[in-house]
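Enquirer: The following block contains a protein sequence and its predicted model.
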Number of protein chains: 4
Amino acid sequence: MRRGRVEIVAFDSDVLRGNAAGDPHQRRVPIYLPPGYDEDAQRRFPVVYVLTGFTGRGRMLLNDNPWSPSLDDRMDALIAAGSPELILVMPDCFTRFGGSQYVDSSATGRYEMHLVDELVPWVDARHRTLPAREHRGIAGKSSGGFGAMRLGMLHADVFGALACHSGDMLFEYCYQTDFPKACSVLQAAGGVARFLEAFEAKPQKGKDDFLALNILAMAACYSPEPEAELGIGLPFDLATGLPRADVWQRWLGFDPLRLLPTHAEALRSLRLLYLDCGTKDEFHLHHGSRAFTAELKRLGIRHRYEEFDDGHMNVPYRYDTSLPELAKALST
Amino acid sequence: MRRGRVEIVAFDSDVLRGNAAGDPHQRRVPIYLPPGYDEDAQRRFPVVYVLTGFTGRGRMLLNDNPWSPSLDDRMDALIAAGSPELILVMPDCFTRFGGSQYVDSSATGRYEMHLVDELVPWVDARHRTLPAREHRGIAGKSSGGFGAMRLGMLHADVFGALACHSGDMLFEYCYQTDFPKACSVLQAAGGVARFLEAFEAKPQKGKDDFLALNILAMAACYSPEPEAELGIGLPFDLATGLPRADVWQRWLGFDPLRLLPTHAEALRSLRLLYLDCGTKDEFHLHHGSRAFTAELKRLGIRHRYEEFDDGHMNVPYRYDTSLPELAKALST
Amino acid sequence: MRRGRVEIVAFDSDVLRGNAAGDPHQRRVPIYLPPGYDEDAQRRFPVVYVLTGFTGRGRMLLNDNPWSPSLDDRMDALIAAGSPELILVMPDCFTRFGGSQYVDSSATGRYEMHLVDELVPWVDARHRTLPAREHRGIAGKSSGGFGAMRLGMLHADVFGALACHSGDMLFEYCYQTDFPKACSVLQAAGGVARFLEAFEAKPQKGKDDFLALNILAMAACYSPEPEAELGIGLPFDLATGLPRADVWQRWLGFDPLRLLPTHAEALRSLRLLYLDCGTKDEFHLHHGSRAFTAELKRLGIRHRYEEFDDGHMNVPYRYDTSLPELAKALST
Amino acid sequence: MRRGRVEIVAFDSDVLRGNAAGDPHQRRVPIYLPPGYDEDAQRRFPVVYVLTGFTGRGRMLLNDNPWSPSLDDRMDALIAAGSPELILVMPDCFTRFGGSQYVDSSATGRYEMHLVDELVPWVDARHRTLPAREHRGIAGKSSGGFGAMRLGMLHADVFGALACHSGDMLFEYCYQTDFPKACSVLQAAGGVARFLEAFEAKPQKGKDDFLALNILAMAACYSPEPEAELGIGLPFDLATGLPRADVWQRWLGFDPLRLLPTHAEALRSLRLLYLDCGTKDEFHLHHGSRAFTAELKRLGIRHRYEEFDDGHMNVPYRYDTSLPELAKALST
């Protein structure tokens, strides 16, 4: 089998320098170059940005697992099976909260700007990409699926195709259900900062730790509040435990389901709009996916939607379906 | 040890006759008569109505468990330890949906009326109770705690003291978190009626079955909708999976936390207002209990509140705290 | 529907008086008398002794559960559906360890003798039974299934038919798998006596508590050791954690699978030998049931064996199959 | 911080060529070279072979996880904190059964020979190691801990120090407890070969799948049986479900606890013999570790043993303790 190769490049970000969460501004970004890249030194390739889910950074897509190929091995196999060749870029938008949702926030940093305005031009300058919207796609799973969908909507001038696997949407169902438990955990820890310190110090982090971290991260991304602890506006009052309706409204402003009506033209202009979701998604994202695609249908926006019989975790095999589709859409 | 005794009386209810859910109008109601009842044929006793939680009916309070006394054995022991004597009535307000929340509903039946207007006078007529508000209390756990709290608020002329253990309140946290899963289960079953038939036919009912049944029952109680399947207005649209805000508003009308402001005087008039909740309540009811008691404090309403280090299930030992308090409050 | 009735009789046991575990020698034994018992004051009935599983005592078979009839209601329904009438006796052989396995042990008491030599004659004297082996059966589930099988083997002169639901056998699979965890729990508690005291004091007992209690109880029943703590010879050394082969050999002496070869004639003489087990039994008892019935087949011993698609817990509905068979076998 | 680097070398194994399980004979072996390796082109370094646990291969030790450094990052940090420098070799002894236990078996391949006789000399030839027993160590976790302990015992001429984290021992407790469930799973699958094919075809493998695979792999390693399906002698009879005592005896021949008495001199000769285990190990390995170290003590064999408050999974942070100790022991 012809093999591509991975370069892991250290990227020095101006945008992330001095970010609020104190995360590094230098990031290691893996870039997969397909077999043809070295075979023909003149040839240019379409490129797809692949966004990891919560608690991930790009390098994780290369992790070894004997029964689930790393993204580079997976792409090699897809190309061997007939897929057009693609460059894959695996950004690192991780924060100490577990992720950035690929949005700009005063509590984390400007990850949307980093990705769109900084990383994309840099990749185009450094590698033989086809440097045009028609040949540039974005994909991801879970929080990465959310990122792909939202950035695809908001930056239709940059991305010409997108794939959203089990992406966060219909926030009532995927986030709100965890509020009471997250509130209990944060209260027990003695607040946001103490929770985070204890979390980082624990050699073994538990299920509830991650549940609380997830809600904390979403708050850091969707409802930063400069005067609050660590600059994060929680969707509940830590003292009383009660929900905060105003914060919740800010969250909803990020829900792809709510963004859809005002971004229909962007979606309509895509060469490929791919979504899928497992029917047993533990975050209930199948409800969101169905509502989203129902709305796409209503608006007559062309898309491809698949449901599969599985849950939310460990489904990288879904890229076997989306990547060749993206490759085709971006190659012509 | 002096022993009381239990009579299990078959009660023929006019109010429940022909109820919508097709549940029996004849109910077996256990009545605990304390040791002194037979020792002194003239003496009258205060009475407490003890309401079971979801999936229960009064007789369940008598179930045998080698490490957790049945309610009659428990009361015997409390009296032996110095508690004033009490008559305990264990109503059966069960429905095929798993419960009635002790409210009137066109989808289930008039269980509030049955309890307040029918059962109370019948008990007073049949047994040597002290037939006055000052000597009549109501208590319960979980859905029974909800029932005790709500009926205590709405029928302050009937009940003079109440104890609410881990009672349903702050509905966003105790119910809404289960909507997406309940919706998935009902969709998979092919609708409300089919779900219920399959549920009843299954020899072994699973965790998700009960989760869905619980939400279905709450909908039957809080948002009956005559034109809907089985007359039940679900809090989500079964076709699209999306939340229904109008139905949700109807639910909130039953939330004790929302009833409190308009029923402060009723609560203020109680001889005892007792609440408790476990700090690890799996339905997150500690958040509701805290919000409720914070509001009581703000309004200057006398009450007793305890938190204990446990979850929601298997906590009948909490009656060891509330029953003697009720007995004292209702005896003077 | 014709209804039988239950008498709960206080039985004063000479055999259990002063038992080693300090459990009461007075026991409350429910006896179900079928509808015909009161209709015809001369008529005599076959009788079946129904043995509860671990952590149970006879009264538990009467517990109320809205979706699973108590044993008396179940028998009423079976009789209404055509089953011959039966008297059902529900012995209480509970100990502070959670059970007695219906065997004689110096660490618990002589429960086998209590049941066979004391309770049976007393029931025959007090009630209109058909007081002969041909009309007397024994049945049970789990530890009760073990009890029914073993007592049926050892006292073929007393019992003429037996039903064993998910009964303990092939001890390697149903017990040995829990030894390392039980050992850890008992070590952490600081020994057998301390574990037991802490267990009894806990308002909420956990999964591991019951796992350890189960192994402790089996040790109390199968390998009493007068010089050991509480007189119980554990199947592992509490100090080193290592398995004790000699104790294990004593346990195997109680395994129905090992008793079978020497008790084939007793089993052959039964009017009904019924076994069943769930194919997903969490204690792996389906392996034992299969091995046992394979041996029955090899020996040409008539029996009836069923497997059902369920686990170990909450399967009282299996009595719907066994009780009418027992009734038929014992009625002719 | 000074950084080492990782070379991932493709190793072509003569020993593994044509292995029975059909696994590749070419393996990718990561080798970590410490910062000093490139700073001083003459300097030689001690080397430690780090063995992954079941389902792993060497590359997995490099997997990215934002809260748990990969082995190379971990070693960099330890060196920065004062540890002597080490070369780390991460062998790939994976098989389609999930692992090889680093033993020779006719059902898998000669992994012990591959590691000891082929990989060690090759590393010494290719890299600037200190090519002597005194400077060569072996370490691992779980199945890798077993491998380190066993190879250290059997090849004391090759390895001069070892660290065993949560290593398989006291086989009754870590394996036998899973036999009944593994048997059920393999029976349900229709045998060994069918199970394995179905396992490999499943995109999502479940908990029971891995439990069965684990027992299957151990059988492939400890009790190969040329005439059996896939050449694997199972420790139970798939037809009857009953345990096979003869197979079990073969397994015990691999138990480090049983190997100890005959390999005391090898252990005594080590520069470092390090063991640790979590007190909540889900495979109950703390019992084995305690028994093993008790025996070491009895024999007067110097060692270091630690227990930590954690379970079996996700404990690579334990290398922070063992690697500097190994580095020190192998550096002088």
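Expert: In hand now; what should we look at?

Enquirer: Could you report the neighbour count for the residue of the stretch 1-150 of chain A found nearest chain C?
Expert: The stretch 1-150 of chain A approaches chain C most closely through residue A:67 (25.7 Å), counting by CB to the nearest CB. No exception for glycine: its C-beta is placed from N, CA and C like everyone else's. For residue A:67, the count of nearby residues is 14 (other CB atoms under 10 Å in any protein chain shown).

Enquirer: Am I right that it is in contact with residue D:203?
Expert: No. Counting by CB atoms under 8 Å, residue A:67 sits too far from residue D:203 to count as a contact (9.2 Å).

Enquirer: need the residues of the stretch 201-332 of chain A near chain D, please.
Expert: Proximity of the stretch 201-332 of chain A to chain D (CB under 8 Å from any CB of the partner chain) is limited to residues A:203-205, A:310-311, A:314-315, A:317.

Enquirer: mind listing the helices in chain A by residue range?
Expert: Taking DSSP state H to define them, one finds helices in chain A at A:35-39, A:71-80, A:111-113, A:120-126, A:143-154, A:171-174, A:179-189, A:192-201, A:207-222, A:245-252, A:256-259, A:264-268, A:285-298, A:319-331.

Enquirer: Relative to chain C, which of those is closest?
Expert: Counting by CB to the nearest CB, chain C lies closest to helix A:207-222 out of those; the figure is 16.5 Å.

Enquirer: wait, does the closest one make contact with chain B?
Expert: No. On the criterion CB under 8 Å from any CB, helix A:207-222 is out of touch with chain B, staying 10.6 Å away.

Enquirer: Which residues outside that helix are in contact with it?
Expert: With CB atoms under 8 Å, 6 or more residues apart in numbering or on different chains as the contact definition, helix A:207-222 has outside contacts at A:21, A:54-55, A:95, A:97-101, A:103, A:105, A:107-108, A:175, A:178-179, A:181-182, A:185-186, A:189, A:192, A:195-196, A:199, A:202, A:230-235, A:247, A:250-251, A:253-254.

Enquirer: And those residues, which of them are buried?
Expert: Among these, those buried by neighbour count (16 or more other CB atoms under 10 Å in any protein chain shown) are A:21, A:54-55, A:95, A:97-101, A:103, A:105, A:107-108, A:175, A:178-179, A:181-182, A:185-186, A:189, A:192, A:195-196, A:199, A:230-235, A:247, A:250-251, A:254.

Enquirer: if we can go back for a sec, burial of the residue lying closest to the residue of the stretch 1-150 of chain A closest to chain C once chain neighbours are set aside, as a residue count?
Expert: Spatial nearest neighbour of residue A:67, chain neighbours left out: residue D:205 (6.9 Å); criterion: CB to CB, 6 or more residues apart in numbering or on different chains. Residues contacting residue D:205 under the criterion other CB under 10 Å number 17.

Enquirer: quick one: contacts for the nearest residue to residue A:155 once chain neighbours are set aside?
Expert: Counting by CB to CB, 6+ apart, residue A:116 is the residue found nearest to residue A:155 once chain neighbours are left out, at 5.3 Å. Shown in contact with residue A:116 (CB under 8 Å, 6+ apart): A:151, A:155, A:158.

Enquirer: okay if I get the residues you listed as CSV plus neighbour count?
Expert: Output for the contacts of residue A:116, formatted as CSV (neighbours: other CB atoms under 10 Å in any protein chain shown):
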residue, neighbour count
A:151, 22
A:155, 18
A:158, 18
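
Enquirer: Could you tell me how far residue A:194 is located from chain D?
Expert: The gap separating residue A:194 from chain D is 17 Å, by CB to the nearest CB, to the nearest Å.

Enquirer: List the buried residues in stretch A:17-36.
Expert: Using 16+ other CB under 10 Å as the test for burial, stretch A:17-36 gives A:19-21, A:23, A:27, A:29-35.

Enquirer: Can you give the distance from that stretch to the centre of its chain?
Expert: When C-alpha coordinates are averaged (CA atoms, centre = their mean, to the nearest Å), stretch A:17-36 and its chain have centres 14 Å apart.

Enquirer: cool, and stretch A:229-246?
Expert: The chain centroid and the centroid of stretch A:229-246 are separated by 25 Å under CA atoms, centre = their mean.

Enquirer: CA-only coordinates of that stretch in CSV, if you can.
Expert: The C-alpha trace of stretch A:229-246 is given here as CSV (Å, rounded to 0.1, in the frame of the first residue of the first chain):
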residue,chain,number,x,y,z
GLU,A,229,-14.3,33.5,38.8
LEU,A,230,-11.7,32.6,36.1
GLY,A,231,-13.9,34.8,33.8
ILE,A,232,-16.5,32.1,33.3
GLY,A,233,-20.2,32.7,33.6
LEU,A,234,-21.8,29.5,34.7
PRO,A,235,-25.3,28.5,33.6
PHE,A,236,-26.3,28.1,37.2
ASP,A,237,-25.8,30.1,40.3
LEU,A,238,-23.1,28.3,42.3
ALA,A,239,-24.5,29.6,45.6
THR,A,240,-28.1,28.7,45.1
GLY,A,241,-27.8,26.0,42.5
LEU,A,242,-30.5,27.6,40.4
PRO,A,243,-30.4,27.9,36.6
ARG,A,244,-29.5,31.3,35.1
ALA,A,245,-31.7,32.1,32.2
ASP,A,246,-29.6,34.9,30.9
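
Enquirer: Average pLDDT for that stretch, rounded please.
Expert: When pLDDT is averaged along stretch A:229-246, the result is 98.

Enquirer: Check what contacts that stretch and list those residues.
Expert: A:20, A:106-107, A:175-176, A:179-180, A:182-184, A:186-187, A:191-193, A:196, A:215-216, A:219-220, A:223-225, A:228, A:247-248, A:250-251, B:170, B:172, B:287, B:290-291, B:294.

Enquirer: Could you list the low-pLDDT ranges of the stretch 201-332 of chain A?
Expert: Counting by pLDDT under 70, the stretch 201-332 of chain A shows no low-confidence range.

Enquirer: Which positions in stretch A:239-248 come out as buried?
Expert: Buried, per 16+ other CB under 10 Å, within stretch A:239-248: A:241-244, A:247-248.

Enquirer: Can you give me every residue that contacts the residue nearest to residue A:176 when sequence neighbours are not counted?
Expert: Taking CB to CB, 6+ apart, and ignoring the residues beside it in sequence, residue A:176 has residue B:176 as its nearest neighbour in space, at 6.9 Å. For residue B:176, the contact set (CB under 8 Å, 6+ apart) comprises A:172, A:176-177, B:235, B:248.

Enquirer: List, one by one, the residues from chain A near chain B.
Expert: Within chain A, the positions adjacent to chain B are A:170, A:172-173, A:176-181, A:183-184, A:240-243, A:284, A:286-287, A:290-291, A:294 by CB under 8 Å from any CB.

Enquirer: can you do 7 Å?
Expert: Within chain A, the positions near chain B by CB under 7 Å from any CB of the partner chain are A:172-173, A:176-177, A:180-181, A:183, A:240-243, A:284, A:287, A:290-291, A:294.

Enquirer: Done for today, thanks.
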